[in-house]
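Novice: Sharing a model that was predicted from the sequence below.
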Amino acid sequence: RSSTISVAPMLTKLQSDCATPLPVLRHVADSMSADMRAGLAVDGGSDLKMILSYVDSLPTGNEKGLFYALDLGGTNFRVLRVQLGGKEERVIATEFEQVTIPEKLMFGTSEELFDFIASVLANFAQQEGGKFHLPPGRKREIGFTFSFPVKQTSIDSGILMKWTKGFAVSGTAGNDVVACLNEAMDRKGLDMRVSALVNDTVGTLAGARYWDEDVVVAVILGTGTNACYVERMDAIPKMQGKFSPSGRTIVNLEWGAFSKGLPLTVFDRDMDAASINPGEQIFEKAISGMYLGEIARRALLNMAEEGALFGESMPEKLSMPFILVTPHLSAMQQDNTDDLQTVGSILYDVIGAESNLNSRKIVVEVCDTIVKRAGRLAGAGIVGILQKLEEDSTSAFFSKRTVVAMDGGLYERYPQCRQYIKEAVAELLGPETSQNIVIEHSKDGSGIGAALLAATNSQYD
Ligand code: ADP
């Protein structure tokens, strides 16, 4: 039997279940704005935690001196130093080092993990030289990017709520992660000081803002996803009269937890049910890199079983969860050959599927359907944030230039995804307004961003 005949209606069904026409996008954007307001009103007021970052002075470009950054957000750990030269000289020099966290430390004790971090840092600091200079009498200051859920208590302290991303370190949850690091540095005799504890989206915003003062929103679209933006103090009822000299602060949405009005399929629901956190992070599961490959796999498995997508025999590995990953989808969509050779070899290598041109075309359509939904929903989320700012603004917010800084592997390496984000933003805002909204890639801004926040929050100024 000809596979494409029985599969075609299944593809059509998938496309209609994933469809994001303008009314759907508008509903998502409106719900995002409403959830932001509810989360700003009271803790626990909505899906969005609207976490206060305590970052209320952003880099201006005038920062000077030597600063360090530490970035712990997954299995890779980065240390960086930057010598800043103010408005004229800007970034004089940077150096960084990346280290993989040994697997046993992900399951060890808090002391073991932080001792390891402190020793990498001590070793890195020891190699300082050349263009890097610390003025006499000053300690080396650190911006610490820590991308796990933290209840921030000040710019330089925060309680770890729980480990995620495969970490199961005992003794850190419930404690101040800056204190954990300080104690480890003490044990090593390392005389450095954490001046800013930041989330990676906040670091990205700060890093992008250093170069462009119109940056007000930052979004990460990588393995996971999150967003933050610059908010007015008086628009945050739950702050209850707390004061910042600038009158502004960065708020971290933790938008992966958003869940309203999303067009979800049976494949999304099944993947969620089988996940380690069912019912949670629904937006993240629909738009971030960790999941897009798996959603596509589930759709293809269904087409293979019920529509003979790959003929009578079932590809052996197609039933293995997470065997197909988002970079595969991206690679297949970049295939420009007439007979979709790359698609064919990826299908063969990854899931052991024999394919013909028709089945390859369908596979590409499935990838496109999943990433189109992801990109357009991310775009709607961005517009939700902008809309909230517009509604509260006394000046004509949408008539001036506004920059959204983006980072993360999915955004960076999946051109179609990027395009779909742009299209959705343009559709929602209309041609005139969307000309003022610049969505730009801020590559690895979060490391430098954290160092910049150490500078703006330096104890010496
Ligand atoms: P993090 O794990 O901190 O989010 P990145 O921002 O580098 O790190 O994002 C990595 C993620 O980006 C991967 O898990 C993957 O989902 C996605 N990704 C990486 N390469 C590609 C690619 N070529 N095409 C699409 N997505 C990719």
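Specialist: Yep, it's here. What you see is a predicted model, and the numbers here were worked out from it, not measured in a lab.

Novice: hey, let's count contacts and neighbours off CA atoms from now on
Specialist: OK.

Novice: What are the phi and psi values at the nearest residue to residue 146 once chain neighbours are set aside?
Specialist: Spatial nearest neighbour of residue 146, chain neighbours left out: residue 72 (5.1 Å); criterion: Cα to Cα, 6 or more residues apart in numbering. Torsion angles at residue 72 (phi, psi; degrees, to the nearest 10) stand at phi -120, psi 110.

Novice: where's residue 72 relative to the ligand, distance?
Specialist: Residue 72 sits 9 Å away from the ligand when distances are taken as Cα to the nearest ligand atom, to the nearest Å.

Novice: Report the beta-bridge partner residues of that residue.
Specialist: residue 77, residue 146 (DSSP bridges).

Novice: from memory it sits against residue 147, does it?
Specialist: Yes: between residue 72 and residue 147 there is a contact at 6.5 Å, judged by Cα atoms under 8 Å.

Novice: residues touching the residue nearest to residue 146, list them.
Specialist: 78, 144-147 (Cα atoms under 8 Å, 6 or more residues apart in numbering).

Novice: ok, the residues you listed vs the ligand, which is closest?
Specialist: residue 147 (8.6 Å; Cα to the nearest ligand atom).

Novice: For the closest residue to that closest one other than its chain neighbours, grab the count of nearby residues.
Specialist: Closest residue to residue 147 apart from its sequence neighbours, by Cα to Cα, 6+ apart: residue 73 at 4.5 Å. Residue 73 has 16 neighbours, counted by other Cα atoms under 10 Å.

Novice: what's the overlap in contacts for residue 72 and residue 147?
Specialist: By Cα under 8 Å, 6+ apart, no residue touches both residue 72 and residue 147.

Novice: residue boundaries of the helices in the stretch 251-400 of the chain?
Specialist: 266-273, 282-287, 289-307, 326-333, 341-346, 357-392 (DSSP state H, counting those that start in this stretch).

Novice: Buried by neighbour count: which residues of the fourth one qualify?
Specialist: Buried positions in helix 326-333, judged by neighbour count with 16 or more other Cα atoms under 10 Å: 326-330, 332-333.

Novice: winner for burial among the helices of the stretch 251-400 of the chain?
Specialist: Most buried of these, by mean neighbour count (mean count of other Cα atoms under 10 Å): helix 282-287, with a mean of 24.

Novice: check whether that helix contacts the ligand.
Specialist: No: with Cα under 6 Å from any ligand atom as the criterion, the ligand is not reached by helix 282-287; the gap is at least 10.1 Å.

Novice: for residue 402, phi and psi?
Specialist: Per degrees, to the nearest 10, the backbone of residue 402 is at phi -130, psi 130.

Novice: just to revisit the earlier point, how about TSV for the helices of the stretch 251-400 of the chain, with distance to residue 180 added?
Specialist: As requested, these are exported to TSV (distance: least, Cα to Cα, whole Å):
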stretch	distance to residue 180
helix 266-273	34
helix 282-287	29
helix 289-307	29
helix 326-333	35
helix 341-346	45
helix 357-392	34
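
Novice: JSON lines for these, including mean pLDDT?
Specialist: Listed next are these as JSON lines, based on pLDDT from 0 to 100:
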{"stretch": "helix 266-273", "mean pLDDT": "98"}
{"stretch": "helix 282-287", "mean pLDDT": "97"}
{"stretch": "helix 289-307", "mean pLDDT": "97"}
{"stretch": "helix 326-333", "mean pLDDT": "98"}
{"stretch": "helix 341-346", "mean pLDDT": "98"}
{"stretch": "helix 357-392", "mean pLDDT": "98"}
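
Novice: need the residues of the stretch 151-300 of the chain near the ligand, please.
Specialist: Checking the stretch 151-300 of the chain against the ligand by Cα under 6 Å from any ligand atom, the hits are 222-224, 289-290.

Novice: if we go to 5 Å?
Specialist: 222-223, 289-290 (Cα under 5 Å from any ligand atom).

Novice: Can you tell me how far the residue of the stretch 251-400 of the chain at minimum distance from the ligand is from residue 324?
Specialist: The minimum distance from the stretch 251-400 of the chain to the ligand, using Cα to the nearest ligand atom, falls at residue 289 (3.1 Å). Residue 289 sits 11 Å away from residue 324, going by Cα to Cα, to the nearest Å.

Novice: Also residue 157?
Specialist: 39 Å.

Novice: Repeat that for residue 342.
Specialist: 15 Å.

Novice: Then residue 131?
Specialist: Distance from residue 131 to residue 324, by Cα to Cα: 45 Å.

Novice: do residue 150 as well
Specialist: 31 Å.
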